[in-house]
Structures are given as C-alpha cells and as structure tokens.
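Asker: Pasting the sequence and the predicted model now:
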Protein chains: 2
Amino acid sequence: MIGEMLCREEHDLVLLQEVWSERDYLYLKKKLACSHPHSHYFKSGVIGSGLAIFSKYRIHDTFVYRYSLNGYPYMAHHGDWFGGKAVGMAILNIGSLTANIYVTHLHAEYCREKDSYLPHRVVQAWELQQFIRHTSAGADVILLGGDLNMHPQDLGNRLLRSYTGLQDSYLETAKFDGCENGMTLIADNPFISKKELGPFEKGIRIDYILFKSSSKADIYCDSMSTTKGSVLDHPFPYSDHEALTAELRLEYCIPAQTGSDRQSKNQDAAAGKLAELVDIVTEARTEVKVGLHCAERMRYTAARTGVMGLALLFLELAIAAVPWLALGAEQPFPRTSFYLLAALCFAILLTTSLLYIFYTMELKSLQGAEDQMRLAVGSLQEKLRGFPLAQPHNPPRRPPEGQEPSAFDPEE
Amino acid sequence: MIGEMLCREEHDLVLLQEVWSERDYLYLKKKLACSHPHSHYFKSGVIGSGLAIFSKYRIHDTFVYRYSLNGYPYMAHHGDWFGGKAVGMAILNIGSLTANIYVTHLHAEYCREKDSYLPHRVVQAWELQQFIRHTSAGADVILLGGDLNMHPQDLGNRLLRSYTGLQDSYLETAKFDGCENGMTLIADNPFISKKELGPFEKGIRIDYILFKSSSKADIYCDSMSTTKGSVLDHPFPYSDHEALTAELRLEYCIPAQTGSDRQSKNQDAAAGKLAELVDIVTEARTEVKVGLHCAERMRYTAARTGVMGLALLFLELAIAAVPWLALGAEQPFPRTSFYLLAALCFAILLTTSLLYIFYTMELKSLQGAEDQMRLAVGSLQEKLRGFPLAQPHNPPRRPPEGQEPSAFDPEE
C-alpha cells in the first residue's frame, strides 16, 4: 500500500523507519523499481532496524551505527530492543555534490511522566550527533530523516540540533501544508489511542526532516507537508505516523561577505551558541547520571537476588545432607519439594546472571557516554575561553561554481 | 609496571589494547599524569574494550564503534565477547593539523587451520575500514594502532589497507630495530606457548601501526622498533605481545607535480588498485557467506533442539496425564524423574531460545555486511569502468604553508 502511495508521487528520496521485515522491503523495492532504482535496507538486531532508503540517485556507500543502548530484552512487549535501533547512512551524488543521507529511529517513549527509557534515548541522541558530526566532514549536503520519538524541545532534540547545526525543515520552510504544528502523531489517526498522547490531545511532532548546508551548497526548504490521517479510497491510513514531505532546494554557494563587522557579529553568535551547547551537554550528562544510578540499582538488585538464590540452594543441600550424613536415618525432605526448589534456585541463578551481565553492559555504555560528554564539555569550554581571540573556524567560502538549483524531496 | 616503562620513554602518543579494568587505567593515568596529561579509556562490553589512549596533545573529541560481531558469549573461556571489542577514535590537534587517532583490538585467532571466528574477524575488518574512511574526511593525519590479530597478508588486513590507503609503518620505516620480521608475538616470550604459534615457530606479526598522509601533511616513518621479550631487571616481560614504537615525521605538503605524464601514470596505478580492491572485497564477501552458512546451520540446530525439548515436554505431560485421566489409577510415573525431566525440558527450551535470538542477530549482522560489500563492489566496478575518462579524484595539493616537521611516536 505504502509503495503505491510512494510510486504515485515523485520524490527523489524516500526514508522509511518501520520496515520490519525484509519481505516488506523486497516488496517495496519491486514496487519502486521504476521510480527509485537504488535502495538500501539496514539490517540490525533480531527483527531488523526497520530503516530503509529509496533513492533516484545511485547509492555509492552505506554505513550503519547500532546504538549502544536500546531498552531491555525482557521488555518484549515494547519490542524496541529486538529492533536493534540504529542510524543508517547512505552516500550519494546529487549533481557534483556529495550528499550524506541519514535515517534513524530512536527508542519509543511509552510514558512521558515516568520515562524509564529517557537515559537510553538521550544516549542515542548523543551517539546520533556524534555519528553525524564525525561522518559528514566530506559531505556537501547533510540530510537526516527520522522518527526521533522526541518533542521539538526535548533534551535529545536540542542536543542533536545544537551540536550538529542541523536545521529543522518545519521551522525553516517557506510554505507548509499539513497537520497543526507539524504534528506527525495525531489523535485523528485510528491507530493512535488517546491514552498514548496523554496531555497532548491533538497530537505531537516526533518525526523530522533535518538538513545542513555546507561551504559548497546552501539548502532551502521551499515547502513542506504532512499527510492528514485519512487517505482517499482507503479505510485506514498507511501508518500510525503521518508522513512528512519536504521540498528542498540546493544552491551552489556564493562567497560570504567577510567584513570585520560581520565577522565580530558572527563570533558573538557563535560564542552564544557554544555556551548554549555547553548547557545542553551538561543537562544531558545529568540525565545520563540518573540512568547510571538506576542501572546500578538494577544490577545490585540482580546480584542480591542471585546471592539469595545461591543461599537457598546451599540451605536446601544442607537440610538434605544432614540425614544423609547421619547414615541410615530416613530422608525427611520430600523429594518433590527438593527437586522443585532446586530447579527454582537454578532458574533464579541463571536469570540473575544474565541480568547482571546485561546491566553491566548497560552501565559500561552509560559510563562511556558520560565520559565522552565530560570530555566534550571541557573541550567546548576551552574553545569558549579562547573565543574573543580565536580566528573564525569556517574556511572562506569558495568562488561560485555556477548555480545549479536542484530540488529533491525526502519523505519519511 | 607498564606505566613505569612508558613514563621512562618520551612518546607523544601511547595506544593500548588490553587495559582490562578501569582500575588499571586509573593507575596508568596517575603514573602518566606528568608526561601524558590527556587520556581516554573506551568503555564497552561487560569487561571493557581494553582500549586506551594516552596523549601529550589535548584530546578534543572521542567516538567509539562497537563491532557488530565479536564471538559467542558461551565461549566464555575465549572471553572475546565479554570484552566488547571496538574501535576507538580520538581527535587532537598537532600544530595546526587535525589528527584522528584510532585504536582497536580485533577478535583473537585461536586455531588458524579451523578458524571459526574468521567471518567475525573479516566483518570487524570491514567495519573498521568503514569507520576510518567515513570519520576521517576532515583529518590531516590518520593513525591506527592496534592488535589486529591478523598476519600481514591476511584477508582482513589487505581489506583494511587497500580500502583506507593506510600504510604499514613496518614496511615504510627507514630504520628498524626489533624482532625478526617485525614480529610481535614471539616464541621467546614466556607468556606464549609454542602451540599457540603453530607452524610459525619464531613468531608472527599481528600488531600494527598504520598511518595515512593527507593533502595537507605527508607522514614519514623515520624509525621503528619492537621490544624483544625480556626486560632488564624484570623476571618477566610486560606483556605477551611485544610493544611497537614508531617515530613518525609530519611535513606540511609541497604541491604535487601535475604533468600529464604523471597524471596518466597515476590513473593507471589507481585503476590497478581499484581492481585489486574489487577482488579483495569479493574475497571478503565469500568469507562472510561462509559465515552466513555456518550461522544459519547453528540457528537451525538451536531451533531443532528447542522443538525436540518441547516435544519431550509434551510427551512427558501426556504420559503423566493418561493415569490421571483414568481416574483413580495410580500414577506409575516416578515423581522424581518427572520433575527432573520437566526441569531439563525447560532448560533446553530457555537455552535454545536464547541461542536462537543470538544467532538471528549474528545472521542479521553478517547479512548486513554482505549487503554493504555487494553494494561496494558494484560502486567500485562502476568507478573502474569510468576510469579512462574520469578526472583524477585527488584535489590539487595546496601551496606550502611553511614546513613544520613534527615528530610523534605512537606506541602500542
């Protein structure tokens, strides 16, 4: 169904986040073969990451980064862990420009008031910004489409946008046609329950198309739209989320004016942004520390339960051994209870051992993220201190290489 | 101990791969505080990745990539899975140059003749080259130090070097002082058993320092050395591997001559290299397919055993249920056996379920790597076809910005 919709419209790029089986991907690939000959499905986890890219441009290279934290395997009804959430990257050429296209899907938010997955999602946002920053140095066009599962002003979202400099299509667009406030999870969608939306009765915006210009190309969002729940001639919409479409225009760069006035203004703005970034990273660090505390407590509980299981096993063996040692005395311990209790002890030991290993890995990942954040704050503060004296970091823009406006429309 | 050794010598960078606990890292950090004030420990897995960087230069940013495949958790005596093998990156400035320093440790090879971990190591090498290529576009100096657990001409090593263009210090060095053939795992080391080395009686070279020049800086290896097993005043050497030291010289670039003769020669060489790379990636793909086949078989075995466990459980319940249904008849099934058998069935079901999930994840990762390799081969072949007509891809080198030879010596 969704394939037909995509086929009808002429988009240069289609980014999907919930293609949960390879069969679905292959179906879409066949359907879109005429309009989007190039595609890639990012495999990950047990089910698959769900991420797929369909493109009119040839995909030259791909890379995938699996988030180090992604929920808990025993929360099987939430299913996030089994999806192996990741960020996928595809490199393609648009005219003479190199474009890095990212697609991602972060851990869902099941309860906003008591969101036990918040530290995981913050670490995912942290790793996402790291991945984009470090892999996009050679790119002229940077584009991210994804279900971030975060409201526009949520910590992870601010972290991502501030650190990478990505711009939100919805905020930058010249024209917009779609749901109120660009919402992509709306109450009118029959797949969405009112309970899910909580106090946000009308809906929330959790899907995004973000982009970033480079020294070689400026990107403008000419128009943006979302679907609006129902679909003509269909009893149900295609998805529980509304699809986003953005029409982006690429323009080869005109050299920037580098008057000293403008420079000092730029510096002030950059210093302001840096200071804001330091605050955001510090906030993220606090959130990760909360997660650390929580993971430590869970690991401690697992260890304690394991020790109790072991103690129970020893106690049982001791009770059974006493008559055995007093040779000839009859065994007063009922056999059935003995075996059932022993099986229970072994089950406890096995489960708590697995949980202990899992929580240790969670702790290591959280500690790792916290270490990196601490280092980043130090480095950013250092940069900030040197600011009034520092040279601007952006290299002077190159002379224009001819204008070649090119419109491409990613959709998720 | 190792800290003291490092303190005595004056290296700019120290890369370590087997710091198995944070306590050891903190001890080293304290010991090296005077000479190497900046450091980072990469946390990962259950035990930790073991990777650490000590530097004289301020570390501005770090990033870590955990390999998607890394042995099996039930091979606890090999321990690789618990280490969460990864590649760590640290970004630092050397003069006005941006240096990306990578440190890694791949899965060990326990039996060269029948190496069941080969597909995992090949995928690790594949992910390593992807990580380095995609994160180093903005770097002027690229340096990798690591225990690759591969002989110099092994598939993964060729894949890494061909794809990234990294050069082997041992092959490039002007002077060398150390073990024969640059070996780092030698028979003379008391921690090494003869059996481990197999037919390579004297030893093997599995630790490397690789580097890559950029358009901004040329790198030369002036000298290289290895330790030689024993250490003065110590009964035992510091490690089971010999430490590598390389003295690298950085030179700001002189613009390259771009005569048409040279250009066409360069093109021929580049085409040859591309063709070689296509062969290597194809070879790696074959190896990954072998791994896929093997993982599929293991998953099938797990599934079959699980089904047998389930069948056994049903059989047992049926046998027990017959007298129970024939009301009043005495239960002929001995209780003890009943409970023991039931416990066994549950244990089988649990274990095979966990294994099934694990093998599915392994399959997904192998399939993902194979997909990426297929795409890469297609893309490389496309490039190759266009070669006689294509423009050379290297941008002309910039005019010299003054020579600033700077020597720095990484060690692992």
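Answerer: Nice, I can see it.
Asker: Can you show me the strands along the stretch 51-200 of chain A?
Answerer: Counting by DSSP state E, counting those that start in this stretch, the stretch 51-200 of chain A forms strands over residues A:52-55, A:59-66, A:86-94, A:97-105, A:141-147, A:167-168, A:175-177, A:185-186, given from the N-terminal end onward.
Asker: Dump the ones you listed into a markdown table; add mean pLDDT, mean neighbour count and distance to residue B:157 as well.
Answerer: (Glycine included, C-beta is placed from N, CA and C.) Below are the strands of the stretch 51-200 of chain A laid out as a markdown table (pLDDT from 0 to 100; neighbours: other Cβ atoms under 10 Å in any protein chain shown; distance: least, Cβ to Cβ, whole Å):
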| stretch | mean pLDDT | mean neighbour count | distance to residue B:157 |
| --- | --- | --- | --- |
| strand A:52-55 | 95 | 25 | 31 |
| strand A:59-66 | 95 | 22 | 21 |
| strand A:86-94 | 95 | 23 | 25 |
| strand A:97-105 | 96 | 25 | 28 |
| strand A:141-147 | 96 | 26 | 32 |
| strand A:167-168 | 96 | 18 | 42 |
| strand A:175-177 | 95 | 13 | 53 |
| strand A:185-186 | 90 | 23 | 48 |
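Asker: among those strands, which is nearest chain B?
Answerer: Using Cβ to the nearest Cβ as the measure, strand A:59-66 is the one of the strands of the stretch 51-200 of chain A that comes nearest chain B, at 4.7 Å.
Asker: what residue ranges in the stretch 1-150 of chain A score low on pLDDT?
Answerer: Counting by pLDDT under 70, the stretch 1-150 of chain A shows low-confidence ranges at A:1-9.
Asker: Would you tell me which of the strands of the stretch 51-200 of chain A gets closest to residue B:345?
Answerer: Of all those, strand A:59-66 sits nearest to residue B:345, with 34.1 Å by Cβ to Cβ.
Asker: which secondary structure elements does the closest one contact?
Answerer: With contacts defined as 3 or more Cβ pairs under 8 Å, 6 or more residues apart in numbering or on different chains; DSSP states H and E, the packing partners of strand A:59-66 are strand A:38-41, strand A:86-94, helix A:118-135, helix B:118-135, helix B:335-385.
Asker: In a markdown table: these, plus distance to residue B:94.
Answerer: Output for those, formatted as a markdown table (distance: least, Cβ to Cβ, whole Å):
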| stretch | distance to residue B:94 |
| --- | --- |
| strand A:38-41 | 37 |
| strand A:86-94 | 28 |
| helix A:118-135 | 18 |
| helix B:118-135 | 17 |
| helix B:335-385 | 31 |
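Asker: So for residue B:143, which of the ones you listed sits nearest?
Answerer: Residue B:143 sits nearest to helix B:118-135 of all the helices and strands packed on strand A:59-66, at 10.1 Å, using Cβ to Cβ.
Asker: So is the closest one next to chain A?
Answerer: Yes - contact of helix B:118-135 with chain A (Cβ under 8 Å from any Cβ of the partner chain) involves B:130, B:131, B:134, B:135.
Asker: ok, those vs residue B:279, which is closest?
Answerer: When the residues of helix B:118-135 next to chain A are compared for distance to residue B:279 (Cβ to Cβ), residue B:130 comes out closest, at 18.5 Å.
Asker: Just among the residues of helix B:118-135 next to chain A, which is most surrounded?
Answerer: Each of the residues of helix B:118-135 next to chain A was scored by neighbours using other Cβ atoms under 10 Å in any protein chain shown; the highest score is residue B:135's, at 26 neighbours.
Asker: what residues are up against the residue nearest to it when sequence neighbours are not counted?
Answerer: The spatial neighbour of residue B:135 that comes closest, neighbours along the chain excluded (Cβ to Cβ, 6 or more residues apart in numbering or on different chains), is residue A:134 at 4.4 Å. With contact set as Cβ atoms under 8 Å, 6 or more residues apart in numbering or on different chains, residue A:134 has these partners: B:61, B:63, B:89, B:134, B:135.
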